[in-house]
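In: Have a look at this prediction, sequence included:
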Amino acid sequence: MARPTIASSAARLLTEHGPLASGELGRLLAAAGVVRARDPVRSVAQALGPDARFTRLDDDRWAWLPAVLEGAVLTHRLSADEAETEAVRLEPDLAPLAPLAIAGLALVAGGSLRRLADDWQRAAGPAGWLGEAPAGTLLGFRLRDGRLELGTLPEAGVGSRLAARRLAAAARARLAGLEPLFEQPVTPVWRLVVEALAELPMLLFEPVDPLGELLDAAGLEVRGGLVGHHGTDWSSWEPGTGQHAGGPPGEETELDQARRRHPGAGERGRHPAGRRSGHPAEELDEVGAEALAIAVGAFALFTQEGQVPSGADAEGLARVLSYPRVAEALAAEAGRDPSLEQFLEPVAVAAGGGRAAAAPCFLLAVCAEARGERGLAEERIAQALKADPSFAPALLRAARYAGERGDTDAVLALLDRAGIELEPAERRQLARFGHNGRGSRPPRP
């Protein structure tokens, strides 16, 4: 018998208990002997992150999508092209099923539903799986015990008003939460549904109108797998941009890549005030995780097209980088790839010396340091602190530079400004030993 893996054990636990916080899931897996690492939370994130069937909810709990979707009915109106080709489009109505169809989602009637290799946004089953349904037919898709059943639905039997209102309200709430960061916020439809079902598992036990139609009727606007306010300017969310903000599950977006590079991205830190724990990406909230995805995706897009950000794009990136912990999460990437500097410089300029300039200046310092230009790095940190004297990443970097010079007074002052709480013993030790290795502070210039 094959030894249980972290993923298989986590799937079982999340099916039995429902969504679980990272710490609790790690504890249960460690107690079962599946995880033996000192940091089970990180081990779990590394094991589950690449598997699109697992997702992390807004409240940081891990969820197993087959369990979340169990019993829920998703509806879709068959188009003429879909009826002819026997391949259904996943966005937006069936987007929550997308990750389950990567390796093949078993059908109750036999065979499996798989995403098409030449069109990742469509999926098909075996010949005749749609039952020769004509165009315009309303189909219902329900997951039962891990297998998908489908059938036709009468128009009169569709439309739970309560569920429809709940989903529309949830969409508006998610968009409102993103408005401080984005002028034209959008959110993935699949995420909206999964979050709603995690809170109310029976919400879609009775069929409602197709998600695209439902959200449109509520005065919202749907484009592909994304939903925004009515009148959203979709030009900034075209493929290559909007997908980076959270495309349908199962397709590796820039957010997925960011989380894969930084396991635990999106998990809020639970540590004493002023203390840091783990990689900065582990402490990103949902908005921060999307901001990180936008930044990584934008840089990838500019690299691919051989361009640099300008105008509104540069100003928008400055705002994105200024979201708490995003610049710190990107710092490791900037240290590995100093060529990011060519994209960061116009972003810093676009910020016009305002507070939003602090984040790109900080990242420019990281790039300069990676190239061995320590003097330029310190200049960039000074520019960051001039733009925003309270920008913690720059304060901490400045404290490190001061410590390496042996200026412990400056170290303590900078750490205080950054809100870092040192234990009395740590303060005494830092004050007693300068970083010149001689046990005393060097004379001030």
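Out: Structure's in. What do you need?
In: And the residue nearest the centre of the chain, which helix or strand is it part of?
Out: The chain has A289 as the residue nearest its centroid, 4.0 Å off, counting by C-alpha atoms, centre = their mean. Counting by DSSP states H and E, the element that carries A289 is helix 286-305.
In: So for that helix, what gets flagged as buried?
Out: 286-299, 301-302 (16 or more other C-beta atoms under 10 Å). In this view, the C-beta of every residue, glycine as well, is placed from N, C-alpha and C.
In: Mind picking the one among those that's closest to M202?
Out: Nearest to M202, judged by C-beta to C-beta, of the buried residues of helix 286-305 is E286 at 24.1 Å.
In: domains in the chain, as residue ranges please.
Out: 6-68, 161-245, 254-432 (automatic domain parsing).
In: Need the per-residue pLDDT for A11.
Out: Note on A11: pLDDT of 94.
In: Now that it has come up, it's in contact with W64, right?
Out: Yes. With contact defined as C-beta atoms under 8 Å, A11 reaches W64; the gap is 4.9 Å.
In: Give me the common contacts of those two.
Out: 53-54 (C-beta atoms under 8 Å, 6 or more residues apart in numbering).
In: Those two: who's more crowded?
Out: W64 (24 against 20; other C-beta atoms under 10 Å).
In: Who does that one form a beta bridge with?
Out: F54 (DSSP bridges).
In: which stretch of helix or strand covers G140?
Out: strand 138-144.
In: Just the buried residues of that strand, please?
Out: Applying 16+ other C-beta under 10 Å to strand 138-144 flags 138-143 as buried.
In: Dump those residues into JSON lines; add pLDDT and distance to A103 as well.
Out: Output for those, formatted as JSON lines (pLDDT from 0 to 100; distance: C-beta to C-beta, whole Å):
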{"residue": "L138", "pLDDT": "95", "distance to A103": "28"}
{"residue": "L139", "pLDDT": "96", "distance to A103": "22"}
{"residue": "G140", "pLDDT": "95", "distance to A103": "23"}
{"residue": "F141", "pLDDT": "97", "distance to A103": "18"}
{"residue": "R142", "pLDDT": "96", "distance to A103": "20"}
{"residue": "L143", "pLDDT": "95", "distance to A103": "15"}
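In: got those as JSON lines, with distance to R165 columns?
Out: Formatted as JSON lines, the buried residues of strand 138-144 follow (distance: C-beta to C-beta, whole Å):
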{"residue": "L138", "distance to R165": "20"}
{"residue": "L139", "distance to R165": "23"}
{"residue": "G140", "distance to R165": "20"}
{"residue": "F141", "distance to R165": "22"}
{"residue": "R142", "distance to R165": "22"}
{"residue": "L143", "distance to R165": "24"}
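In: which among those gets closest to L214?
Out: Taking these together and measuring to L214 by C-beta to C-beta, the closest member is L138, at 12.7 Å.
In: In space, what's closest to that closest one - neighbours in sequence excluded?
Out: Spatial nearest neighbour of L138, excluding adjacent residues (C-beta to C-beta, 6 or more residues apart in numbering): L153 at 4.7 Å.
In: how many other residues sit next to that neighbour?
Out: 17.
In: ok, it - contacts?
Out: Contacts of L153 by C-beta under 8 Å, 6+ apart are 75, 138-140, 207.
In: make it 10 Å
Out: 73, 75-77, 137-140, 207 (C-beta atoms under 10 Å, 6 or more residues apart in numbering).
In: Repeat that for W64.
Out: Neighbour list for W64: 7, 10-16, 18-20, 48, 51, 53-55, 70 [criterion: C-beta under 10 Å, 6+ apart].
In: Can you give me the distance of A7 to A127?
Out: According to C-beta to C-beta, to the nearest Å, A7 and A127 sit 32 Å apart.
In: still on that earlier bit, can you tell me which of the buried residues of helix 286-305 is closest to L363?
Out: For those, the nearest to L363 is A295 (9.6 Å; C-beta to C-beta).
In: The closest residue to that closest one other than its chain neighbours: neighbouring residues, count only.
Out: Sequence neighbours aside, V320 is the residue nearest to A295 in space, at 5.3 Å (criterion: C-beta to C-beta, 6+ apart). Burial of V320 is recorded as 23 neighbouring residues (other C-beta under 10 Å).
In: same question, D81
Out: 12.
In: got it, and P134?
Out: Close neighbours of P134, defined as other C-beta under 10 Å, add up to 10.
In: One more: R38?
Out: Counted with other C-beta under 10 Å, the neighbours of R38 add up to 7.
In: Then A83?
Out: By the criterion of other C-beta under 10 Å, A83 has 17 neighbours.
In: how about the strands in the stretch 101-250 of the chain?
Out: 105-106, 112-116, 119-124, 138-144, 147-152, 186-188, 220-223, 226-229 (DSSP state E, counting those that start in this stretch).
In: winner for burial among those strands?
Out: Counting by mean count of other C-beta atoms under 10 Å, strand 186-188 has the highest mean neighbour count of the strands of the stretch 101-250 of the chain, with a mean of 27.
In: Given it, what are its sheet partners and their directions?
Out: strand 226-229 (antiparallel).
In: Can you give the distance of the partner strand from its chain's centre?
Out: 17 Å (C-alpha atoms, centre = their mean, to the nearest Å).
In: Residues contacting it, please?
Out: 91-92, 95, 167-168, 171-172, 174-176, 178-179, 182, 184-192, 211-212, 215-216, 218-222, 232, 234, 237, 242-243, 245-248.
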